[in-house]
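Engineer: Structure for the following, please:
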Amino acid sequence: MSASEGSPAPAAASEGFAQFEEAGRTPLRRLQHLLHRYPTIVPFVVLGVGLVVFSLIVGSRFFQPFNLSLILQQVTIIAVLGIAQTLVILTAGIDLSVGAIMILCTIVMGHLAVSFGMPQEAAFAAALLVGFGCGAINGVLVTYLRLPPFIVTLGTWSVFGALFLYVSGSQTIRSQVVASEAPLLQWTGAAVTVAGARFTVGTVLMLVIAAAVWYMLNRTAFGRHVYAVGDDPEAARLSGIDAKRTLLSVYAISGLICALGAWVLIGRIGAISPTSGGSANLDSITAVVIGGTSLFGGRGSIVGTLVGALIVGVFRNGLALAGLDALWQEFTVGLLIIVAVGLDQWIRRVSA
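Structural biologist: Predicted coordinates:
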């Protein structure tokens, strides 16, 4: 028999070996591979379980349209920052300064429009530039100086925090003043009521941002570059991807999204305060991690982050309606983070 006649045999043997390996997997191993392929399954299951549990504990109050829309309003800012955070974490980095950038942009908007009399449209544009610039600063320090993202953003968190305290003088601009002199800044708080549920412009803006970033990550070459850099920077570089430019772009876009989050925050609380949104920074990381995005980069989705934000909102709202102290709300969210990170570590053990 010639070599050409015998060539199909190895392929058949290889195919048979692959089938044998697939059949030999335990149910737990198959589940591990399934979750590795579809990381958003877990957050959807957790959200569904939470909805069922709290509907049984709290009763019909939980599923009232107003309460469900209240949850959505409460997680809108977390979701916007979570979207910005997702971009960075997909590259195996982290941004501890997203909350500080957001608050700095609220202060810039408010004081330029109210204290300095700048046209509100120009003040809004200036805040967008500040957010973009803050993100770009993080990107330059991470990419060109090769500093660890955790250390860089921990430092800029303090720097941006000191800046917004200095600019604001630790003073709050009241809601009535903002409404009379710069109503555009409060526009994201405008709401429409449908069947007892209250939906704000800020929530709609959050969904628009999510859709735009989802499209960028899943339908553009830049999105593929983001995943590639997060999965293996050296392999991405060897394949012709400019890893530095990709990272710099990610941090800059993240800062721009934080500036949009500042607009949503002003609409949410009405006033402009340097103390607002203090917990949103860590909550954004919580939403990303619970939503299935790997802290080691290269795996995750915007949809998962939105579901993660909803999980945080559902559990906090449900525990509050059940009459439990805020202490136990934080305890539950912390437990969810630990479980999510542990699950991510287990899923990552799947061999390539």
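Engineer: Could you pull up the residues touching the most centrally placed residue in the chain?
Structural biologist: For the chain, the residue nearest the mean C-alpha position is Gly82 (1.7 Å; CA atoms, centre = their mean). Listed by CB atoms under 8 Å, 6 or more residues apart in numbering, the contact set of Gly82 reads Asp283, Ser284, Ala287, Val288, Gly291, Thr305, Leu306, Gly308, Ala309. Bear in mind the C-beta positions are built from the backbone N, C-alpha and C, glycine included.
Engineer: Remind me which helix or strand it belongs to.
Structural biologist: Using DSSP states H and E, Gly82 maps to helix 65-90.
Engineer: That helix: which residues count as buried?
Structural biologist: 67-69, 71-90 (16 or more other CB atoms under 10 Å).
Engineer: And what about the nearest residue to Gly139 once chain neighbours are set aside, helix, strand or coil?
Structural biologist: Excluding its sequence neighbours, the residue lying closest to Gly139 (CB to CB, 6 or more residues apart in numbering) is Tyr251, at 3.2 Å. Three-state call for Tyr251 (DSSP: H, G, I helix; E, B strand; the rest coil): helix.
Engineer: Tyr251 - how many residues pack around it?
Structural biologist: Neighbours of Tyr251 under the rule other CB atoms under 10 Å: 30.
Engineer: returning to that earlier point: ok, and the closest non-adjacent residue to the residue nearest to the centre of the chain?
Structural biologist: Looking at Gly82 with CB to CB, 6+ apart, the closest residue is Ala287, at 3.9 Å.
Engineer: What does the pLDDT read for Ala18?
Structural biologist: If you check Ala18, the pLDDT there is 47.
Engineer: hey, where'd the helices end up in the stretch 151-300 of the chain?
Structural biologist: Assigned by DSSP state H, counting those that start in this stretch, the stretch 151-300 of the chain shows helices spanning 175-181, 201-219, 221-231, 233-238, 243-269, 280-290.
Engineer: can I get those in JSON lines with mean pLDDT and distance to Asp325?
Structural biologist: JSON lines is the format used below for the helices of the stretch 151-300 of the chain (pLDDT from 0 to 100; distance: least, CB to CB, whole Å):
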{"stretch": "helix 175-181", "mean pLDDT": "92", "distance to Asp325": "29"}
{"stretch": "helix 201-219", "mean pLDDT": "96", "distance to Asp325": "28"}
{"stretch": "helix 221-231", "mean pLDDT": "94", "distance to Asp325": "38"}
{"stretch": "helix 233-238", "mean pLDDT": "87", "distance to Asp325": "45"}
{"stretch": "helix 243-269", "mean pLDDT": "95", "distance to Asp325": "24"}
{"stretch": "helix 280-290", "mean pLDDT": "87", "distance to Asp325": "18"}
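Engineer: CSV please, covering these and showing distance to Asn317.
Structural biologist: As requested, these are exported to CSV (distance: least, CB to CB, whole Å):
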stretch, distance to Asn317
helix 175-181, 24
helix 201-219, 15
helix 221-231, 32
helix 233-238, 40
helix 243-269, 16
helix 280-290, 14
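Engineer: closest to Pro148 out of these?
Structural biologist: Judged by CB to CB, the one of the helices of the stretch 151-300 of the chain that comes nearest to Pro148 is helix 243-269, at 12.8 Å.
Engineer: Quick check: buried residues in the closest one?
Structural biologist: 243-244, 246-269.
Engineer: Not counting its own residues, what contacts stretch 117-126?
Structural biologist: The contact list for stretch 117-126 (CB under 8 Å, 6+ apart) reads Val108, Met109, Gly110, Leu112, Ala113, Glu181, Ala182, Pro183, Leu184, Leu185, Trp263.
Engineer: could you redo the last one with a cut-off of 10 Å?
Structural biologist: 105, 108-114, 116, 178, 181-185, 187, 259-260, 262-263, 266 (CB atoms under 10 Å, 6 or more residues apart in numbering).
Engineer: Give me the buried entries from those residues.
Structural biologist: By neighbour count, with 16+ other CB under 10 Å, those hold 105, 108-114, 178, 182, 184-185, 187, 259-260, 262-263, 266 as buried.
Engineer: Before I go, just wanted to say thanks for your time.
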